[in-house]
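Asker: Can you look at this prediction? I've put the sequence above it.
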Amino acid sequence: MKRTDAFPPLSLRLKLVLSYLIVALGAILILAIVVSLATQNYFANSQRDQLRSEGEYIAQQIGHLYRAYGGDWRTVPLQQIQTGGPELLIITNQNGDRLLQIQPGSLRLSDDDIPVLRQSLILALQGQENDGRLQGGGDNSSFSGLYVSEPLRYNGQTNGNMIGALFVAVPERFPRASVQLAFLANVNQAILIAGAGVALVVILFSLFLARRFTRPLESLTTAAEQMRQGDYSKRADPPKSKDELERLAVTFNAMADTIESDVTELRHQEQLRRDLLANIAHDLATPLTAIQGYSEALADGVIADEEARQETAQLIGREVQRLRRLVGDVQQMTS
C-alpha cells in the first residue's frame with residue numbers, strides 16, 4: 001500500500017524562514033521568562049523589605065505607647081496605630097493573648113495558614129523576627145500574601161523587655177500589591193509586543209536571506225533540468241557572494257562546458273562515422289555491381305569469344321582485388 005504524507009514537502013526557502021523564526025521566538029520566549037521571573041523576584045523582595053520596615057516601625061510605635069501609658073496593656077490606645085493600608089494586623093501580649101486583630105474586608109485565614117500564624121507569633125515572642133507567605137485557600141474569600149512578625153519591646157528599643165508580638169500581613173488583592181501586578185502585566189505586554197515586532201523583522205529578514213540562498217539553487221536546478229532534456233547550452237547564473245554557492249555555480253558551469261564540448265565532439269564523430277560508412281557503401285557497391293554484371297554475362301554465354309571471356313575474368317579479378325583493399329582499409333580503421 002502506497003504511503004501518503006500528511007503534509008506536503010516544504011521548500012528550502014520555507015524551511016530557512018521557519019528555522020530563523022523558531023530560533024528568534026525561542027530566544028524571545030527565554031528572554032520573556034527571564035525578565036518576568038527577575039521582575040517578580042525584584043517586586044517580591046521589595047515588598048518583603050517594605051513590609052519588614054513597616055513592621056519594625058509599628059513595633060516601635062507600640063513600644064512607645066506602652067511606655068507612655070504606664071506599661072499597662074489595658075490603657076494603651078492600640079486603635080491609634082497607623083498602618084500603610086488594609087492589612088491583617090494582630091497584636092498579642094507577652095503571654096500570647098490577642099489584644100488587637102484587624103482583618104481587611106471579608107478575607108479570612110485558611111485552615112492551612114492558621115498554624116503558620118501561630119508558629120510565627122511564637123517565634124516573635126521568643127525574640128525572633130520572621131517572615132513568609134500565607135498561601136490562602138484558593139478562593140476569593142481567603143487571605144493570601146506576605147507576612148512579617150516582630151517582637152514587641154518596651155519603649156520600642158531592641159534591648160527592651162519583651163512585652164508582646166506583632167503580626168502584619170498584606171493581602172495580594174489590595175491596591176498595594178495590585179500596582180505591582182499591574183506593572184508585571186505591563187512588562188509582559190511590552191515583551192509580547194516587542195516579540196511580535198522582532199518576529200516580523202525576523203520573517204522579513206529571513207525571507208531576504210532565503211531568497212539570496214535559494215535563487216542560485218533555482219538557477220542551478222533550471223540549468224540541470226534543461227541539460228536533462230538535451231539542451232547543453234544552458235548555464236547557471238553565479239551569485240556575486242564569494243562563497244560556496246558561487247563556487248558551486250562556477251563549478252557547475254565548468255562541468256556544463258565540458259559536457260557540451262564532449263557531446264559536440266561525439267556528435268561530430270558520429271557524423272564522420274556515418275559519412276565514412278556511406279562512402280564505404282558507395283565504394284563497395286561499384287565493384288560489386290561490376291562483378292555481378294560480368295559474372296551474369298559469363299554465366300549466360302553472352303560473351304562467346306574466348307579472348308573476351310579471358311579479359312572479363314581478369315576484370316572480375318581486378319574488382320575482387322579492389323574489394324579486398326576496401327575491406328582492408330575498413331579493418332585498419334576499426335582496429
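Answerer: Sure thing, it's come through. Numbers count the residues shown, from 1 in each chain.
Asker: going forward, measure contacts and count neighbours with C-alpha atoms only.
Answerer: Noted.
Asker: Residue 223: helix or strand, and which one exactly?
Answerer: Assigned by DSSP states H and E, residue 223 belongs to helix 175-228.
Asker: Which neighbouring elements make contact with that helix?
Answerer: helix 12-68, helix 244-299 (3 or more C-alpha pairs under 8 Å, 6 or more residues apart in numbering; DSSP states H and E).
Asker: Indicate which one of the ones you listed is closest to residue 81.
Answerer: Smallest distance to residue 81 across those (C-alpha to C-alpha): 7.1 Å, for helix 12-68.
Asker: So what's the gap between that closest one and the chain middle?
Answerer: 27 Å (C-alpha atoms, centre = their mean, to the nearest Å).
Asker: Show me what it packs onto, helices and strands only.
Answerer: Packed next to helix 12-68, using 3+ C-alpha pairs under 8 Å, 6+ apart, are strand 145-153, strand 162-171, helix 175-228.
Asker: remind me which residues of the stretch 201-335 of the chain are low pLDDT?
Answerer: 333-335 (pLDDT under 70).
Asker: repeat for the stretch 1-150 of the chain
Answerer: Using pLDDT under 70, the flagged stretches of the stretch 1-150 of the chain are 1-8, 82-86, 106, 137-138, 140.
Asker: is it true that residue 317 lies in a strand?
Answerer: No - looking at residue 317 with DSSP: H, G, I helix; E, B strand; the rest coil, it is helix, so not inside a strand.
Asker: give me the number of residues near it?
Answerer: Neighbour count for residue 317, taken as other C-alpha atoms under 10 Å: 13.
Asker: Give me the nearest residue to residue 167, chain neighbours excluded.
Answerer: Of all residues not flanking residue 167 in the chain, residue 149 sits nearest, at 4.4 Å (C-alpha to C-alpha, 6 or more residues apart in numbering).
Asker: Tell me what the one you found is bridged to.
Answerer: Going by DSSP bridges, residue 149 is paired in beta bridges with residue 130, residue 167.
Asker: rewinding a little: let's have the helices and strands packed on helix 12-68 in a markdown table, adding distance to residue 88 and mean neighbour count.
Answerer: What follows is those, written out as a markdown table (distance: least, C-alpha to C-alpha, whole Å; neighbours: other C-alpha atoms under 10 Å):
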| stretch | distance to residue 88 | mean neighbour count |
| --- | --- | --- |
| strand 145-153 | 9 | 26 |
| strand 162-171 | 5 | 25 |
| helix 175-228 | 13 | 16 |
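Asker: Would you mind giving these as a markdown table with distance to residue 304 added?
Answerer: Formatted as a markdown table, these follow (distance: least, C-alpha to C-alpha, whole Å):
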| stretch | distance to residue 304 |
| --- | --- |
| strand 145-153 | 142 |
| strand 162-171 | 144 |
| helix 175-228 | 68 |
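Asker: Select, out of those, the one closest to residue 10.
Answerer: Of the helices and strands packed on helix 12-68, nearest to residue 10 by C-alpha to C-alpha is helix 175-228, at 13.3 Å.
Asker: what angle do the closest one and strand 162-171 make?
Answerer: With axes from the mean of the first three to the mean of the last three C-alpha atoms, to 10 degrees as the basis, helix 175-228 and strand 162-171 are set at 40 degrees to each other.
Asker: Of the helices and strands packed on helix 175-228, flag the one that's most buried.
Answerer: helix 12-68 (a mean of 17; mean count of other C-alpha atoms under 10 Å).
Asker: Mind listing residues that contact the very next helix or strand once past that helix?
Answerer: Next helix or strand after helix 12-68 toward the C-terminus (DSSP H and E): strand 88-93. Strand 88-93 has contacts (C-alpha atoms under 8 Å, 6 or more residues apart in numbering) with 73, 98-104, 163-171.
Asker: again, only using 10 Å
Answerer: By C-alpha atoms under 10 Å, 6 or more residues apart in numbering, the residues outside strand 88-93 that reach it are 55, 59, 62, 73, 78, 83, 97-105, 107-109, 117, 121, 125, 143, 145, 147, 149-152, 162-171.
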